[in-house]
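Novice: any chance you could fold what I've pasted below:
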Amino acid sequence: MRRNFILIAAALILAACSPETFTMNIEMRHPSRSGLDLGRKTFSVVYADNGNTRDTLFLRNVAAGFSETLEEDYFGGQQLITLFSTPADTNLSSKERLQNLIMETGSDVVFVFDTPEFGDVMAGENSAALPFKLRLYAYDSMDKSDNVLSFNGSTAVKTPLTPEQSFTKEKMTEAVWKAMPELAAEVGRKSTGNFVSTWQTEQYSLYYYENLTDDWDTPSQAAYEFRWADAIKLWTGLLKTNNPERRACAAYDIATACYMLGNYPLALQWLDQADKECELSLSPGLRRRILNKMK
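Specialist: A predicted model of the protein is given here:
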């Protein structure tokens, strides 16, 4: 009887000293539909200036609306995208020209709106419409493909006309250009469809221990609240142990946090450290994710 009790107690102690895991479902940012991965990069928006007042007015507002939507998606609404103008010429789509713009703007990625092509103003039902064609070039200096992406589109901006207004071409043109700043900004906002983030729900697991003097609950709670920097500091304190398995688990959790913060080389270093300490079942899966991001 006594012997059985001792064996059961020993089994409970061993279970308590073994690492456990908890899984989080996390919405992860993925490359945009264009193929560009814009997460954690800086970018600028450039528009061509051919000296034509109306063309410049149109493109400047297109660029502003385009930037506004990208700032909402990638920077939480912070105004971190700078607008630039550049002389319009036939070399605007060349890689060399876009590389020069990268250097001039100091950005990782540059978007360039080329000179628009306008059609004739047309009358609609109580409205006037101005058709146009628009070209956009994009170049990511950090993309290993090193390609210039080109996008073309055509549509029309429309503005309502009051019954009192004369439906002459001159009056319709005047009405369209009076409303052009907001019309063009909306064109820019709608042009971001290929560049905003796509999102996927992914599962990530972290290690923790129960019933130990080491405090594993606090960093786990920080991770659960997506406070990854705070969690790293707390897990770092858990490395001060003589138990290699616990050091491995703490290093693995730090590697996961670095991955979430977008620091993939550092995440790989911490995962290497975890593997040196102890073989963990979750390590291969995280390593594949890190290496995939570093391609």
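Novice: mind listing the helices for the stretch 151-295 of the chain?
Specialist: Secondary structure of the stretch 151-295 of the chain (DSSP state H, counting those that start in this stretch): helices located at 169-178, 180-190, 217-224, 228-237, 244-260, 264-277, 283-293.
Novice: quick one: mean pLDDT for the fifth one?
Specialist: I take that to be helix 244-260. The predicted model gives helix 244-260 an average pLDDT of 97.
Novice: quick one, strands of the chain?
Specialist: 20-30, 43-49, 83-87, 109-113, 117-118, 122-124, 127-140, 148-160, 198-208 (DSSP state E).
Novice: weakest of those by average pLDDT?
Specialist: strand 122-124 (a mean of 87).
Novice: what's it packed up against?
Specialist: Using 3 or more C-beta pairs under 8 Å, 6 or more residues apart in numbering; DSSP states H and E as the contact test, the elements touching strand 122-124 are strand 127-140. For the C-beta atoms, the positions are set from N, CA and C on the backbone; glycine is no exception.
Novice: if we go to 10 Å?
Specialist: Judged by 3 or more C-beta pairs under 10 Å, 6 or more residues apart in numbering; DSSP states H and E, strand 122-124 is in contact with strand 127-140, strand 148-160, helix 169-178.
Novice: which one of those lies closest to residue 202?
Specialist: With C-beta to C-beta as the measure, strand 127-140 is the member of the helices and strands packed on strand 122-124 nearest residue 202 (23.4 Å).
Novice: how distant is that closest one from the center of its chain?
Specialist: Strand 127-140 sits 24 Å away from the centroid of its parent chain (C-alpha atoms, centre = their mean, to the nearest Å).
Novice: next, the angle from it to strand 43-49.
Specialist: Put simply, strand 127-140 runs at 130 degrees to strand 43-49, going by axes from the mean of the first three to the mean of the last three C-alpha atoms, to 10 degrees.
Novice: could you figure out how far strand 127-140 is turned away from strand 148-160?
Specialist: Going by the same axes, to 10 degrees, strand 127-140 makes 160 degrees with strand 148-160.
Novice: name the residues of strand 127-140 that are buried.
Specialist: Going by neighbour count (16 or more other C-beta atoms under 10 Å), the buried part of strand 127-140 is 128-130, 132, 134-140.
Novice: can I get the strands of the chain in a markdown table with distance to residue 280?
Specialist: Below are the strands of the chain laid out as a markdown table (distance: least, C-beta to C-beta, whole Å):
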| stretch | distance to residue 280 |
| --- | --- |
| strand 20-30 | 10 |
| strand 43-49 | 38 |
| strand 83-87 | 48 |
| strand 109-113 | 37 |
| strand 117-118 | 59 |
| strand 122-124 | 65 |
| strand 127-140 | 35 |
| strand 148-160 | 40 |
| strand 198-208 | 7 |
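Novice: excluding chain neighbours, what is closest to residue 32?
Specialist: Ranked by C-beta to C-beta, 6 or more residues apart in numbering and with sequence neighbours excluded, the top spatial neighbour of residue 32 is residue 195, at 4.7 Å.
Novice: coming back round to it: most tightly surrounded among the strands of the chain?
Specialist: Most buried of the strands of the chain, by mean neighbour count (mean count of other C-beta atoms under 10 Å): strand 109-113, with a mean of 25.
Novice: please compute how far it lies from its chain's middle.
Specialist: 16 Å.
Novice: looking at the buried residues of strand 127-140, spot the one nearest residue 41.
Specialist: Closest to residue 41, out of all of these and judged by C-beta to C-beta, is residue 140, at 7.4 Å.
Novice: pull the contacting residues for the nearest residue to that closest one once chain neighbours are set aside.
Specialist: Leaving aside its sequence neighbours, residue 140 sits nearest to residue 109 (C-beta to C-beta, 6+ apart; 4.7 Å). Contact analysis of residue 109 by C-beta atoms under 10 Å, 6 or more residues apart in numbering lists 36-38, 41-45, 70, 81, 98, 102, 138-143, 195.
Novice: hey, what's residue 109 bridged with?
Specialist: Residue 109 has the following beta-bridge partners by DSSP bridges: residue 43, residue 140.
Novice: from residue 139, how far off is it?
Specialist: Remark: distance between residue 109 and residue 139 (C-beta to C-beta, to the nearest Å) = 7 Å.
Novice: circling back to that earlier point, can I get the buried residues of strand 127-140 in JSON lines with distance to residue 218?
Specialist: Formatted as JSON lines, those follow (distance: C-beta to C-beta, whole Å):
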{"residue": "128", "distance to residue 218": "63"}
{"residue": "129", "distance to residue 218": "61"}
{"residue": "130", "distance to residue 218": "60"}
{"residue": "132", "distance to residue 218": "57"}
{"residue": "134", "distance to residue 218": "53"}
{"residue": "135", "distance to residue 218": "53"}
{"residue": "136", "distance to residue 218": "48"}
{"residue": "137", "distance to residue 218": "49"}
{"residue": "138", "distance to residue 218": "43"}
{"residue": "139", "distance to residue 218": "45"}
{"residue": "140", "distance to residue 218": "39"}
